[in-house]
Each structure stands twice: as C-alpha cells, then as structure tokens.
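Novice: Could you look at this predicted model? Sequence included:
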Amino acid sequence: MEKAPVSVVIIAKNEEKRIEECLKSAAWAREIVVLDDMSTDKTVEKARPFTDKIFQRAMDIEGRQRNFAYEKATEEWVLSLDADERVSPELACEIAETIRRDNGKFICYAIPIKTFIGTEWVQGAGYYPAAKTRLFRRGKFRYEEARVHPRAIYEGACGLLKGDILHYSCRDLEHWIAKFNRETTLEADKWIADGRKVTLFSSLRKTADRFLKNYFLKKGWRSGFMGFLMSVFHGLYQLFSYAKYREMKKARQKKGSS
C-alpha cells in the first residue's frame, strides 16, 4: 500500500513505555520525525527501528520546541503528535483520502482528541471532541513561542476531520494531578514574564466561570464523577496559577530588595 505524503512529527521525553505504540500508529505515513527532549530512558533506542530522523533538543519553550520539530519535516503535509498519542485507523484512512482529494481549500485541519486517564475515556467537561489543529501544510503553520498552552498561528481556512487522535494522557489520577501542578507553575511564570496583572477577584471569577461552563455547558455531568472532577480542576487551574503567581512575585520582590 502506498504511503501518504505526510510527515508525522512526534515530540517525546522519557516515553520508552509509550512511544512504540505511537510510532506503530504512524506507519501509514511516508516520513516519521521524532524530536526527543534529552530523554534519560530508552525513548531514542525504541524509536530507531521506525525512523532515522531522530533529533534531540532540550525543551526551553514549548512553542519553540514544536516549531523546531516541524522544520525537520520534508513532506507536503505535517501531522503533529505527542508520544502519548495514537492515530486511530479511521483517522489514518481519512487523512490519506483528504490529502488525495485536496483542492487547496484548507491550510490545516482540526482533529478530535479522545483523552483517557488510565483506561477511562473522559467524554464531558470539554474533553471530547476538543478538536485541535494537528494536520497542516508544511511551512504554513506554527505556534507562538509561549511556555504553556501556545496558540496556533496560521493564515487561511481550517477544516475539520472526523477520525480521532487517541490521547493516553495519564496513567492514573495521581499522574494527572502532578501534570496539573507543573502546568499551573508554568502558567504563573508566563503571567509574570508577560507582565500581566492578575487579581484574586478575577481569578475567583474565572474559577467559578470555568467550572460552571465545563460542568453544565460542556456537559461534564454526563461523565459522572470523572466529569465533575475534571470540571473542578478546570476551574482550580486559574486559582492555583494565581496562588503560585502571587508567591513568585513576593519571592522576586524580596530578592530584588535584598
């Protein structure tokens, strides 16, 4: 079977337990590119049987890391994945057919993300379909160089595919909470770097707004306890980030006055 003219670009760090499944799910593409964030496990060794295009670069800023990886792609289309993600068979077929029928209408495509925590699929609270721009024409798409949650930057129309990217986000809730802790630290650091003024009132308002929006409007209630829990954490993301932002500002002010 002829492979699709796609470069699957995979970002990885210490993913020896998951990267092989990710790479197997990309076997339909002509090119696979792996950018490894200086892993200390066997991530690179596990990737070598699948591709010779493996690069290493220490992560500094997420957006910059992704843009660097995309520059290594050589095919007309690029599909962006993380090592904890898989391309569903339905999506692989859909991408190949979409590219075959391409008439230049779309510069990129958003793809639904199906997220799992452990073995549980989180459907509500904005987690599904939660489509993200992952397939794009090479050289026509990039991310802002932000430390956390970088925005996609492109000019042109974006289409929507139906097949899923399967995202095995965390092995369990403990792992998910650790990730939540890291991301709120990065968010607080970003606010300070940007010179943003954040108040307790605005953080409380956004905390309540995010919970209500995710639990009711985005139907977190349909996913039972997990939907409720994810809605709570969506809200608390803002409040925890504010608490760390406040603490960081005090520490820097103290250091500056000493």
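Specialist: That came through fine.
Novice: can you tell me which helix in this protein is longest?
Specialist: Longest helix in the chain, counting residues (DSSP state H): helix 224-257.
Novice: what helices or strands is that helix leaning on?
Specialist: If you count contacts as 3 or more Cβ pairs under 8 Å, 6 or more residues apart in numbering; DSSP states H and E, helix 224-257 packs onto helix 173-193, helix 200-212. The way it works is simple: take the backbone N, C-alpha and C, and place the C-beta from them, glycine included.
Novice: Just give me how far that helix sits from the chain centre.
Specialist: Distance of helix 224-257 from its chain centroid, counting by Cα atoms, centre = their mean, to the nearest Å, is 20 Å.
Novice: Would you mind pulling the contact partners of the helix or strand of the chain with the lowest mean pLDDT?
Specialist: Ranked by mean pLDDT, DSSP states H and E, the helix or strand of the chain with the weakest confidence is strand 120-121, at a mean of 90. Residues external to strand 120-121 that are found in contact with it (Cβ atoms under 8 Å, 6 or more residues apart in numbering): 114-115, 128, 226.
Novice: What pairs with that strand, parallel or antiparallel?
Specialist: Next to strand 120-121 in the sheet, as set by DSSP bridges, lie strand 113-117 (antiparallel).
Novice: how much does the strand it pairs with deviate in direction from helix 224-257?
Specialist: Orientation of strand 113-117 against helix 224-257 (axes from the mean of the first three to the mean of the last three Cα atoms, to 10 degrees) gives an angle of 90 degrees.
Novice: Let's see strand 113-117 as CSV, backbone CA atoms only.
Specialist: Below are the C-alpha coordinates for strand 113-117, written out as CSV (Å, rounded to 0.1, in the frame of the first residue of the first chain):
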residue,chain,number,x,y,z
ILE,A,113,-8.8,14.4,20.6
LYS,A,114,-10.1,11.4,22.6
THR,A,115,-8.5,11.6,26.0
PHE,A,116,-8.0,8.8,28.5
ILE,A,117,-7.0,8.9,32.2
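Novice: who touches that strand?
Specialist: Counting by Cβ under 8 Å, 6+ apart, 85, 88, 121-122, 127-132, 164-170, 172-173, 176, 226 sit against strand 113-117.
Novice: Out of these, which end up buried?
Specialist: By neighbour count, with 16 or more other Cβ atoms under 10 Å, the contacts of strand 113-117 hold 85, 88, 122, 127-128, 130-131, 164-170, 176, 226 as buried.
Novice: Show me these that map onto strands.
Specialist: With strands taken from DSSP state E, the overlap with the buried ones among the contacts of strand 113-117 comprises 85, 165-170.
Novice: which of those residues sit farthest apart?
Specialist: Farthest apart among these by Cβ to Cβ are 165 and 170. That separation is 15.8 Å.
Novice: OK, contacts around the residue nearest the centre of the chain?
Specialist: Centroid-nearest residue in the chain, with Cα atoms, centre = their mean: residue 82, separated by 6.9 Å. With contacts defined as Cβ under 8 Å, 6+ apart, residue 82 is in contact with 10-12, 22, 167.
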